[in-house]
Structure formats: structure tokens, C-alpha cells
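**Q** Build me a model:
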Amino acid sequence: MVEQGLVGLVKRVMETHAGHPKVQVQACTVLAAVARGSPGSAAQMVEEGMVGLVHQAMEAHARSLEVQQRACAAL
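**A** Now for the predicted structure:
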């Protein structure tokens, strides 16, 4: 239940602060932890469109090794 609200919050943060690599790093870190928590949480992330959002972060911050690493962990 907590993960459901958390994924939505992370989605809003990533959308609002798309231009800030440090925010994207932290958001991807949270998503990776949520995905590891349960298969249901990972499925919800897919349903909420988080894969596309993580991909956008990777494209927007292609020169940030940390964004790339954390985004891969989230996927």
C-alpha cells in the first residue's frame, strides 16, 4: 500500500524536476528499492509509466554516469 503512494509521488517529482540530475538519481534509487520489494510493486511501476519516465531521465542526462547507473538499477 505504501509503495502505491510512493510510486505516484516519485513520478510527480521526476516530472516536475526533469532537468535536475540529482533529483533523478534519488528518484531512480527509490524506484529500484521499491521494485526489489515485491513483484506487485514492480508491476505497478510499469502500469504507471515509470519505465518511460526513467528512460526520459536517461536521455535527458546522458552525460551523467550516476543517472545512468541508478536508472539501470531502477529498470
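
**Q** Give me the residue at the spatial middle of the chain.
**A** Residue closest to the mean C-alpha point of the chain, counted by Cα atoms, centre = their mean, is C28 at 3.7 Å.

**Q** Nearest residue to that one in space, ignoring adjacent ones along the chain?
**A** Among residues not flanking C28 along the chain, R70 sits closest, at 3.8 Å (Cβ to Cβ, 6 or more residues apart in numbering). C-beta here means a position set from N, CA and C on the backbone, and glycine is covered the same way.

**Q** next one: L53
**A** Going by Cβ to Cβ, 6+ apart, L53 has M14 as its nearest residue, at 5.3 Å.

**Q** Hmm, that neighbour is touching H55, no?
**A** No: judged on Cβ atoms under 8 Å, M14 makes no contact with H55 at a distance of 11.2 Å.

**Q** neighbour count winner among those two?
**A** M14 (22 against 12; other Cβ atoms under 10 Å).

**Q** Look at that one and report its pLDDT.
**A** We have a pLDDT of 97 for M14.

**Q** and what of the one 10 residues further on?
**A** The predicted structure scores Q24 at 98 on the pLDDT scale.

**Q** What separation do you get for it and G49?
**A** 15 Å (Cβ to Cβ, to the nearest Å).

**Q** Next SSE downstream of the longest helix belonging to the chain?
**A** The longest helix of the chain (DSSP state H) is helix 21-37. Toward the C-terminus, helix 21-37 is succeeded by helix 39-47 as the next helix or strand (DSSP states H and E).

**Q** Quick check: buried residues in that following helix?
**A** 41-42, 44-45 (16 or more other Cβ atoms under 10 Å).

**Q** A35 against M45, yeah?
**A** Yes: contact between A35 and M45 holds when scored by Cβ under 8 Å: they sit 6.1 Å apart.

**Q** re the thing from before, tell me which other helices or strands the helix or strand hosting the residue nearest to C28 touches.
**A** Using DSSP H and E, R70 sits in helix 65-74. Applying 3 or more Cβ pairs under 8 Å, 6 or more residues apart in numbering; DSSP states H and E, one finds that helix 65-74 contacts helix 21-37, helix 50-60.
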